[in-house]
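Peer 1: only geometry, no sequence info:
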């Protein structure tokens, strides 16, 4: 059976997404392969389908238990025998799984990198036919990656001990050019096919806000999106607790997730969110890896993450069904300080020596600076993200807060001269706040202690609002007219471009906001936005709107999906996605042959669930004919 047939039989899709076929063909030809694909682009299929076609076993190296569990559940639901080997299993369960693996029961085995070189696993692996080792989240192998894990270095040690070298395939959603080079070098990929499908997610709207009251801004957004599934990311466990408690007190369906909770509560809260029992999960970055919930309509970052890779990966958990979703980042200056503390006191890589640790921390600080610049820029946010990952597009996407906001290009040369002059005449010894207080003519303790009232630029910009001065100073960092040191006391420094401005040889123009980013929205009734999205999906299949009768049928099918999910203890989206339910309502199949023409329904699921869904549709349509007013 060829790859296209397997795609349809097990996964229910008629065609591959961009890049998938090339990556699959590369692996099947026996060539090492590196795939860089954004979240939601279907990278798992690129190693799962070859695994079904190759002799022997495919080992999938994966960093997190939740990621393994989610993918193995989905595979088993599709009729593919798969298992995971990690610390969540009891010793008895682990040994039993290895016995089944040795007997050839599984085509795919997910394993944590630490397990690869244990005596028990090696005893199995050295006597098994391993055709491929697929490395998921491959950026973890690089010290320049955002989630470097020394345990990933054990992959090469494991492969070197095998009698026959398998095909190596590496995949990740977020990797800069230097990280991609590291993946190839460290995993010793041999003349690999390297394919990047592009980092852009056109269905995602990006916005950065700097509200005085973060909670009020977040709550206002949630109120405008009732009943929608969303993730709110916070930097600390304390903030998670505070935000979740306030949301619940105000009647919002929310739960919490962070590493400080017990295993049982974390599991329950995660499942409540995945199974649609709560609308919102408030979490630290400990939540989300491998969670394939397709109907997340928004991701709010209550605090700025520590790097662009983490931000894009977390934001990318919205809109995995390809439908419109929003990614909102609420920025505050304290976020930078908190992240700097995390970097300085990180214990994630205790296996590193002091020299290597210092190098990783230096790179982490540089990435934090780039993340901060994202929050400052007045240019297209999507373009900033794509340029960070080495792609270039137009500086207007039409789907971010900067592109949709109203800006005017302003000559700020004289203002910039005053700011740079204050830095220069104070001999580049002070931080941002001291410089701002100086040009504003403030009478603070530090201004007095540092004798900044004697500075020639003291009070030179007293009439300009401080928020606008801070915006300009932030833009000066983004455009590299200024830099700020990474020391405990961050000091503002001039750059090579600064002198040309001070000499009057280089004018400076900037985009400045004229008014609020977006006009206020009116709250929609619960479910209205979901209905609009279903109408859009329906329009892709035929010219008519999604009718009232089809809307009622959709709710019946969703209830059946929820019932089946509860019986099988799997998330509803693992049974069928919302998109598949809409297609059922529009196309109204009456037998299994027509059922197989629906996107997302393969042969295994048609046989497993088909009769129940066909019966539900038949009864629903009959009920509508008898009493269409219901």
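Peer 2: Arrived safely, thanks for sending. This structure is a prediction, so every number in the text was calculated from the model and none was measured.

Peer 1: Would you mind identifying the next helix or strand past the worst-scoring helix or strand of the chain on mean pLDDT?
Peer 2: Counting by mean pLDDT, DSSP states H and E, the chain has its least confident helix or strand at helix 528-541, which shows a mean of 61. Next in sequence after helix 528-541, counting helices and strands by DSSP states H and E, comes helix 548-568.

Peer 1: Check which helices and strands the next helix-or-strand element following that next one is in contact with.
Peer 2: Once helix 548-568 ends, the next helix or strand along the chain (criterion: DSSP H and E) is helix 572-575. When contacts are defined as 3 or more CB pairs under 8 Å, 6 or more residues apart in numbering; DSSP states H and E, helix 572-575 packs onto helix 65-77, helix 548-568. C-betas here are computed from N, CA, C, even on glycine.

Peer 1: now for these, which one comes closest to residue 360?
Peer 2: helix 65-77 (22.9 Å; CB to CB).

Peer 1: Need the nearest residue in space to residue 152, chain neighbours excluded.
Peer 2: residue 141 (4.2 Å; CB to CB, 6 or more residues apart in numbering).

Peer 1: Could you give the number of residues near the one you found?
Peer 2: Applying other CB atoms under 10 Å, we find 28 residues neighbouring residue 141.

Peer 1: Could you report the pLDDT at it?
Peer 2: On the pLDDT scale, residue 141 is placed at 89.

Peer 1: Look up how far residue 125 lies from it.
Peer 2: Distance of residue 141 to residue 125, given as CB to CB, to the nearest Å: 19 Å.

Peer 1: sorry, back to before: and the residue nearest to residue 152, what does it touch?
Peer 2: Taking CB atoms under 8 Å, 6 or more residues apart in numbering, we find residue 141 in contact with 135, 148, 149, 152, 153, 155, 170, 182, 183, 186, 187.

Peer 1: Check the residues you listed against residue 453 and report the nearest one.
Peer 2: Minimum distance to residue 453 across these is 47.5 Å, recorded for residue 148 (CB to CB).

Peer 1: From what I see, that closest one and residue 142 are in contact.
Peer 2: Yes. Using CB atoms under 8 Å, residue 148 is in contact with residue 142, at 6.3 Å.

Peer 1: Of the two, which one has the most company?
Peer 2: With neighbours defined as other CB under 10 Å, residue 148 and residue 142 compare such that residue 142 has more, 25 against 22.

Peer 1: So the residue lying closest to that one once chain neighbours are set aside: helix, strand or coil?
Peer 2: Leaving out its chain neighbours, the residue that sits closest to residue 142 by CB to CB, 6+ apart is residue 182, at 3.6 Å. In three-state terms, and counting by DSSP: H, G, I helix; E, B strand; the rest coil, residue 182 is helix.

Peer 1: And the helices in the stretch 1-150 of the chain?
Peer 2: Counting by DSSP state H, counting those that start in this stretch, the stretch 1-150 of the chain has helices at residues 3-6, 20-28, 43-53, 65-77, 91-102, 119-125.

Peer 1: mean pLDDT for those helices: which is lowest?
Peer 2: Taking the mean pLDDT of the helices of the stretch 1-150 of the chain, helix 65-77 comes last: a mean of 83.

Peer 1: hmm, back to that, okay, who's weakest in the contacts of residue 141 by pLDDT?
Peer 2: The weakest per-residue confidence within the contacts of residue 141 falls on residue 148 (77).

Peer 1: could you measure it against residue 137, distance?
Peer 2: Taking CB to CB, one finds residue 148 at 11 Å from residue 137.

Peer 1: Kindly report the same for residue 247.
Peer 2: Relative to residue 137, and taking CB to CB, residue 247 is found at 30 Å.

Peer 1: Likewise for residue 32?
Peer 2: Distance of residue 32 to residue 137, given as CB to CB: 17 Å.

Peer 1: Equivalent analysis for residue 255, please.
Peer 2: Taking CB to CB, one finds residue 255 at 25 Å from residue 137.

Peer 1: and residue 371, what does it touch?
Peer 2: Going by CB under 8 Å, 6+ apart, residue 371 touches 304, 305, 306, 307, 308, 311, 339.

Peer 1: same thing but at 7 Å, please
Peer 2: Residue 371 makes contact with 304, 305, 306, 307, 308, 311, according to CB atoms under 7 Å, 6 or more residues apart in numbering.
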